[in-house]
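Visitor: Return atomic coordinates for the entry below.
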Amino acid sequence: MSELFDAVDVIRTKRDRGALSDAQIDWVIDAYTRGAVADEQMSALAMAIFLNGMERREIVRWTQAMIDSGERLNFESIVGEGKKIATSDKHSTGGVGDKITLPLAPLVAAFGVAVPQLSGRGLGHTGGTLDKLEAIPGWQAKLSNERVIEILGTTGAVICAAGDGLAPADKKLYALRDVTSTVEAIPLIASSIMSKKIAEGTGSLVLDVKVGSGAFMKDASMARELARVMVDLGTDAGVKTTALLTDMNTPLGLAVGNACEVEESVGVLAGGGPSDVVELTVALAREMLTSSGIDADPAEALKDGRAMDVWRAMVRDQGGDPDAALPQPKETVTITAPESGTLTELDAYKVGVASWRLGAGRARKEDPVQLAAGIKLHAKPGDEVREGQPLMTLMTDTPERFERAQQSLEGSFTIGGDLRERPLIIDRIVSERSE
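Guide: Residues are numbered from 1 along each chain as shown. Predicted coordinates:
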């Protein structure tokens, strides 16, 4: 087909700090998806966007063009007790020990809200929800759109992989950004996340935007900017969207890995679990319920077993056995406290890298993961520890990995000194768009 624009002209516009027109954006996304714009040309445009930014109108249009590159899901047909069921979803920008989706989806569904949680896999030091759940024997990540809608209409919650037809332009562009050092461009991050979430068709969305050493965003001001852009994108698209800015300087919970995080999540659903995991799960659930028009205390469903019932049904719906034993590591090494005192720092990034090196994560999206690999923490900042007391247990099936994992943990914790109190939930972001 004849092309409406020239890629060089589009690149030049953004290189010279100009604003791309709606027509230019529509064309370049479509042409790149079709292969009419080469990777090197889209790389140049992505770098120009990274350096010069985008106006709000451009980001909105870019996101819409990404959505229009593929299919859109529709949950209008989901009904319960003769009436339409509200749908709500959550997205996290990724962290260390972040297993919140696992208890959150069934918790919200326990109140009659359908939760279509399309999730991804881990890359680098941050874990992936699908990798964690695949530790459950028989559990399947890939479901047809028809099966997703069926499960949502009965059990109320599903956690699965996004289909290939959802925002294919984003899939292609994300891979390119990953190898051209343009991942951190806020317009491209926001449009990448929101194109998939809007195309998913959920009625409301809560974003967990993490900030700190173990997060993608290390700087609070940049994380807040990203949150605001994404909230506005969702609002403009008619999706009720809010965001929580949350701390990721310390790992969430006491488990970092795959099977061990599933185990910890089940503990939360049973009414226990680490206090920080419970706090964030309940806070995000409250946001999702409020956005769906429901005034309820989600903590009650953790205590009375309703959320656990949904979890077990959800696992079975996707071929898993909720009663099956989870994989266990073949080898372990314990790191102990070199002195007595108060544990004041535990660096999330270094713990995440160590877990990755033990086999819990992957360097490339094609790499396999070890389901039993990871780290179990025995103390968190604020805890008193004694010399020789276990601080963390490293787990893997391949003991040759221990050396590099231990190297990455050098300087990961501090005993003594000042304890810096950090709130887990830093801020709540809502749209400031004027009607």
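
Visitor: distance of the residue nearest in space to the middle of the chain from Gln370?
Guide: The centre of the chain sits closest to Ser92, judged by C-alpha atoms, centre = their mean, with a distance of 3.3 Å. Distance of Ser92 to Gln370, given as C-beta to C-beta, to the nearest Å: 22 Å. Every residue, glycine included, has its C-beta placed from N, CA and C.

Visitor: I believe Leu73 is in a strand; please confirm or correct that.
Guide: No: counting by DSSP: H, G, I helix; E, B strand; the rest coil, Leu73 is located in no strand; its state is coil.

Visitor: My guess is it contacts Ala199. True?
Guide: Yes: counting by C-beta atoms under 8 Å, Ala199 is a contact partner of Leu73 at 6.8 Å.

Visitor: what's Gly359 in contact with, if anything?
Guide: By C-beta atoms under 8 Å, 6 or more residues apart in numbering, the contact set of Gly359 is 369-370, 373, 396-398, 401.

Visitor: again, only this time at 6 Å
Guide: Gly359 makes contact with 370, 373, 396, 401 under the criterion C-beta atoms under 6 Å, 6 or more residues apart in numbering.

Visitor: who wins for neighbours among the residues you listed?
Guide: Neighbour counts for these (other C-beta atoms under 10 Å) peak at Ala373, which has 29 neighbours.

Visitor: can you give me phi and psi for the nearest residue to that residue once chain neighbours are set aside?
Guide: Closest residue in space to Ala373, ignoring its immediate chain neighbours: Gly359 at 3.7 Å, by C-beta to C-beta, 6 or more residues apart in numbering. Note on Gly359: its backbone torsions stand at phi 120, psi 0 [degrees, to the nearest 10].

Visitor: how far away is Gly359 from Thr393?
Guide: 15 Å.

Visitor: Quick one: low-confidence residue ranges for the stretch 251-400 of the chain.
Guide: Along the stretch 251-400 of the chain, the model assigns pLDDT under 70 to residues 365.

Visitor: quick one: the strands in it?
Guide: 255-257, 331-336, 341-346, 374-377, 384-385, 390-396 (DSSP state E, counting those that start in this stretch).

Visitor: Report the contact partners of Gln41.
Guide: Residues near Gln41 by C-beta under 6 Å, 6+ apart: Ala7.

Visitor: Buried residues, the helix or strand harbouring it. List them.
Guide: Per DSSP states H and E, Gln41 falls inside helix 39-52. Neighbour counts using 16 or more other C-beta atoms under 10 Å place 41-50, 52 of helix 39-52 among the buried residues.

Visitor: Could you name the helices and strands sitting against the helix or strand following that helix?
Guide: Per DSSP H and E, helix 39-52 leads on to helix 56-68 as the next helix or strand towards the C-terminus. The helices and strands touching helix 56-68, judged by 3 or more C-beta pairs under 6 Å, 6 or more residues apart in numbering; DSSP states H and E, are helix 22-34, helix 186-200.
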